[in-house]
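Undergrad: generate a structure from the sequence data that follows.
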Amino acid sequence: DHGGVRHAVAAPRRRNAFEVLLGDAEDVPVRCTTTSDGSTVAGRELRIRVKPAWSPRGAARFLDLIREGYYDGAALNRVVPGFLTQFGIGADYDARTRWRSRTVEDDPKPDPPVPFRP
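TA: Below is the predicted model:
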C-alpha cells in the first residue's frame, strides 16, 4: 500500500522477466513488527523502503516473500539503522523448501549508479 493505492510487484516465471508497478512512486514501503523474544506480542515497528529501481529482480523477490509470510518468525541477524537489515532464514521449513530452487538472476547495474551511503 503506497499512499492509499495498492501496487503489485511480481517476479514472473519467465526467465529474465520481472514487473514492478509503482505508478509515480520511487519506493515500496514495508512495515512489520519485531519482537526480541520470539513471542507473538507486538514489539517495535520496523520500516523498510524497498527501492525497485536499484534492484528490480531482488525487490520483486523480496516483496513476493513478504507477501507469502516467508519472513514471519525469522530472526534479524544484523541491523544498521537507516541503512540495512539482514534477515535470517525463514522459520517455515516448507516455505524454505519451495523457494530454495527459485533462484533470481543478478540485476543489471543501475545507470546512474546508486550512491553508497551507510
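Undergrad: and the spatially most central residue of the chain, which helix or strand is it part of?
TA: What sits nearest the mean C-alpha location of the chain, by C-alpha atoms, centre = their mean, is F62, with 3.1 Å. According to DSSP states H and E, F62 maps onto helix 56-68.
Undergrad: tell me which residues of that helix come out buried.
TA: For helix 56-68, the neighbour count (16 or more other C-beta atoms under 10 Å) marks 56-66 as buried. To be clear about C-beta, it is placed using only N, CA and C from the backbone, and glycine gets the same treatment.
Undergrad: quick one: average confidence on the helix or strand just after it?
TA: Counting by DSSP H and E, the element after helix 56-68 in chain order, helix or strand, is strand 76-80. Summarised as a single mean, pLDDT over strand 76-80 is 78.
Undergrad: which strands or helices does strand 76-80 pack on?
TA: Applying 3 or more C-beta pairs under 8 Å, 6 or more residues apart in numbering; DSSP states H and E, we find strand 76-80 packed against strand 84-87.
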